[in-house]
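Peer 1: let's see this in three dimensions:
(one chain, ligands or ions: 1)
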Amino acid sequence: MIPYGRQCLDEDDVAAVAAALRSDFLTCGPRVGAFERAVAEFCGAPHAVAVSSGTAALHCAMMALDIRTGDEVIVPPMTFAATANCVLYQRGTPVFVDVDPETLLLDPAQVEQKITPRTRAIIGVDYAGQPCAWAALRDIADRRGLALVADSCHAIGAEDQGRKVGTLADMTVLSFHPVKHLTTGEGGMVLTADQALAERLRLVRSHGITTDHRQREQAGAWFYEMTELGFNYRITDIQCALGLSQLGKLPGFLARRRAIAARYGEALAGSAARPLALRPGALHAWHLFVVRVDDRDQVFSALRAAGIGCNVHYIPVHLHPYYRKTLGTGPGLCPVAEAAFGQILTLPLHPGMSDADCDTVVAAVHAATQGDRP
Ligand SMILES: *Cc1c(COP(=O)(O)O)cnc(C)c1O
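Peer 2: Residues are numbered from 1 along each chain as shown. Sure thing, here's the model as predicted:
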């Protein structure tokens, strides 16, 4: 089976983790800050706060904005559930706004229509690794006084109009799950240019306990206080050792992903499996290679039977039973995402794939879609 995604680890990654295990710090040590600084530098962001998962990073972002009961946060439905769940963790209300039919990215024109006096923030998702229309979202957020959050869990290394992911929103969330561009096993990060937000992120990451050194100096070295309800969302030095080692290979991983996407694009041009549209001025990070087919379930089964680990990203979040039950959402709320859901198929894409693996996938796609309209 060729999996849709998987980590790419070498012996030097193993050695980096072993060195962390032999060091004085398993957590709260120097590798955490080193990893934060290295990712911040790669993305061109002034501050970075590393946490235990992408989901924890999203939750920290909502806590840093003080999202609470009654607050509305605009989210797209074509994403992993965590994008909307983080709003629910704070007892806020995720408001689903439909996506563009060609790119499946949050549609700025529809965002404007769903803003109410209770709206506090917009979360854009760089679906599949392609950046959203960030300039348009920034303009709306600024005019309406809203915070702008990027769920860029698919998109480290992507750019929009020459500006890097990590600099396009007030806070940018990354994930280091094994299927993502680089991995720490589990892990995530929030990037921001706002020092006050960075401080709040660090506070809620670790129980809401202040470690302000001036206070410690006044009251004694033992001093700490809990000023709000935070969590233990810390990441370990063991994980950050892996992250640092992986980050050095990220340019190569991105280049390989882009080469595979280009190979797929050429091989599938004019076929019945139609890749999603590319936004002008966007540099794609290619986390996922998504095609649309007429009979998705039939093509899915045929590919799986042929040993191709294709997948579906995503069932629109507002269609999950939990959302239907608690928010009363359902079919008809986001018709573009719902129609796309019946057609989308994710083909395998990860840096460990050879050209021959790509060609195997393409041949299986051609065979599975024979007879469908081109
Ligand atoms: C992976 C992912 C997350 C969650 O990240 P974890 O590290 O798995 O918690 C959130 N949003 C999107 C779009 C993702 O792909």
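
Peer 1: tell me the residue of the protein that sits nearest the ligand?
Peer 2: G54 (2.4 Å; CB to the nearest ligand atom). (Each C-beta comes from the backbone N, C-alpha and C, glycine too.)

Peer 1: how about that residue, what does it touch?
Peer 2: 82, 153, 173-177, 180, 187-188 (CB atoms under 8 Å, 6 or more residues apart in numbering).

Peer 1: the same query, at a cut-off of 6 Å, please.
Peer 2: Each residue near G54 by CB atoms under 6 Å, 6 or more residues apart in numbering is listed here: 153, 175, 188.

Peer 1: near the ligand, from these?
Peer 2: Among the contacts of G54, the ones lying near the ligand by CB under 6 Å from any ligand atom are 153, 175, 188.

Peer 1: hmm, back to that, make a markdown table from the contacts of G54 and add pLDDT and distance to T369 to it.
Peer 2: Listed next are these as a markdown table, based on pLDDT from 0 to 100; distance: CB to CB, whole Å:
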| residue | pLDDT | distance to T369 |
| --- | --- | --- |
| C153 | 98 | 29 |
| S175 | 98 | 31 |
| G188 | 98 | 36 |
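
Peer 1: quick check: closest non-adjacent residue to the residue of the chain closest to the ligand.
Peer 2: In space, and not counting its chain neighbours, G54 is closest to S175: 2.8 Å by CB to CB, 6 or more residues apart in numbering.

Peer 1: again, but for D107
Peer 2: Closest residue to D107 apart from its sequence neighbours, by CB to CB, 6+ apart: D100 at 4.7 Å.

Peer 1: thinking again about what came up before, please report the distance of the residue of the chain closest to the ligand from V293.
Peer 2: 29 Å (CB to CB, to the nearest Å).

Peer 1: ok, C240 next?
Peer 2: As judged by CB to CB, C240 and V293 stand 40 Å apart.

Peer 1: do the same with M63
Peer 2: Relative to V293, and taking CB to CB, M63 is found at 40 Å.

Peer 1: what about the lengthiest strand in the chain, near the ligand?
Peer 2: When the chain is parsed with DSSP state E, its longest strand is strand 119-125. Yes: counting by CB under 6 Å from any ligand atom, contacts between strand 119-125 and the ligand involve V125.
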